[in-house]
Structure formats: structure tokens, C-alpha cells
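A.B. asks: give the three-dimensional model of this entry:
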Amino acid sequence: MLTGLVHLHNVLRWVILILLLVALFQALTKKNGLQKTSLFLLISAHITLLLGLFQYFNSEMAGFKIIERVGGFGNVMKDSFARFWVVEHISAMLLAIVLITLARGRVKKENFKGATLFYLIALLLVLAAVPWPFREGIARPWFPGMPL
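C.D. replies: From the prediction side, this is the model:
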């Protein structure tokens, strides 16, 4: 079951990235459809958050199990792999989801300038915190089931 949730979490990353780019473009150009795009982005981001939190508390590869395995939080901060999964990934993604949620509120009030800024920062955070295949030591495949 956990493997399936990891795969779903991986696929939803692409949904979020695509919707973030579309929402950013729509907010910049003040195009119609931003209301729906921002809603789908918000839903996708929150589902991904729930899947990620489940993995954080239950997976051997992330969260509390890594803290136990490396011997405490002090050792987590010394190990780049453990630090990424225990601190960096979840912190950046939580902040990105907060910004996506705030941007949705701005979209509802038709404050496109504020929404654009929040979407841009959220996009940068997501791009920085995803374990891309080219990131040494923390790499994940582009899509579930693909080799690195």
C-alpha cells in the first residue's frame, strides 16, 4: 500500500507543477479560468500534503523512522540524505502549500498581482524541494517505476 501512495505522491507532483505553471500564466495575463485552475491546484496540493504526511509518519525513507535510524536529530542534520527528507523537503513543501492556499484567496478577491507573487514563490520552492533524478544522493525517478 505504501508503494502505491508513494507513486501517487510522485504523479501528483507533475499535476501540481503543471497547474502552477498554468495558474501563474493565467494570473500574469489575467486570463479567464484562473478560478478553476486555482481550485484544482489547491485540491491537488492538499491531497499531496496528506499523502506526504502519511509517508512522513509511516515510511522507512522519510520522517521519524530516519531520525530513529541515524540516532537522533543531531545526526540527521549531519547527514544530507536524512536532512533532506526529515527537514528540507517537508518544510519547503509546507510553505509552498501555504502560499498556494494564500494565492487561492487572492484569486477569489481578483488580486492577480498578489496571486502571481505567491504562485511564483511556491513554484520556486517546489522546484527546489523535489528529489529530481539529477540530484545526487536523494534522486527519485521522473515517474513511478522508471529507473534512475
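
A.B. asks: quick check, central residue of this structure?
C.D. replies: When the chain is reduced to its mean C-alpha position, the closest residue under CA atoms, centre = their mean turns out to be residue 93, at 4.3 Å.

A.B. asks: and the next helix or strand past the biggest helix by length in the chain?
C.D. replies: Taking residue count as the measure and DSSP state H as the definition, the longest helix of the chain comes out as helix 2-29. The first helix or strand that comes after helix 2-29 along the chain, using DSSP states H and E, is helix 34-58.

A.B. asks: which elements pack onto that next one?
C.D. replies: Packing contacts for helix 34-58, counted by 3 or more CB pairs under 8 Å, 6 or more residues apart in numbering; DSSP states H and E, involve helix 2-29, helix 64-70, helix 89-108, helix 112-129. All C-beta spots, glycine's among them, are computed from the backbone N, C-alpha and C.

A.B. asks: host element of residue 144?
C.D. replies: Per DSSP H and E: residue 144 is located in neither a helix nor a strand.

A.B. asks: I figured residue 41 hits residue 19, correct?
C.D. replies: Yes: with contact defined as CB atoms under 8 Å, residue 41 reaches residue 19; the gap is 4.0 Å.

A.B. asks: looking at these two, which is more packed in?
C.D. replies: Just comparing residue 41 and residue 19: by other CB atoms under 10 Å the higher neighbour count belongs to residue 41, 26 against 21.

A.B. asks: count of neighbours near the closest residue to residue 6 other than its chain neighbours?
C.D. replies: Among residues not flanking residue 6 along the chain, residue 55 sits closest, at 6.5 Å (CB to CB, 6 or more residues apart in numbering). Other residues near residue 55 come to 19 when the count uses other CB under 10 Å.

A.B. asks: residues contacting residue 55?
C.D. replies: The contact partners of residue 55, taken as CB atoms under 8 Å, 6 or more residues apart in numbering, are 2, 5-6, 9, 61-63.

A.B. asks: need the contact partners of the lowest-mean-pLDDT helix or strand in the chain.
C.D. replies: One helix or strand of the chain scores below all others by mean pLDDT, DSSP states H and E: helix 64-70, with a mean of 81. Around helix 64-70, the neighbours that count as contacts under CB under 8 Å, 6+ apart are 56-60, 73, 76, 79, 82, 85-86.
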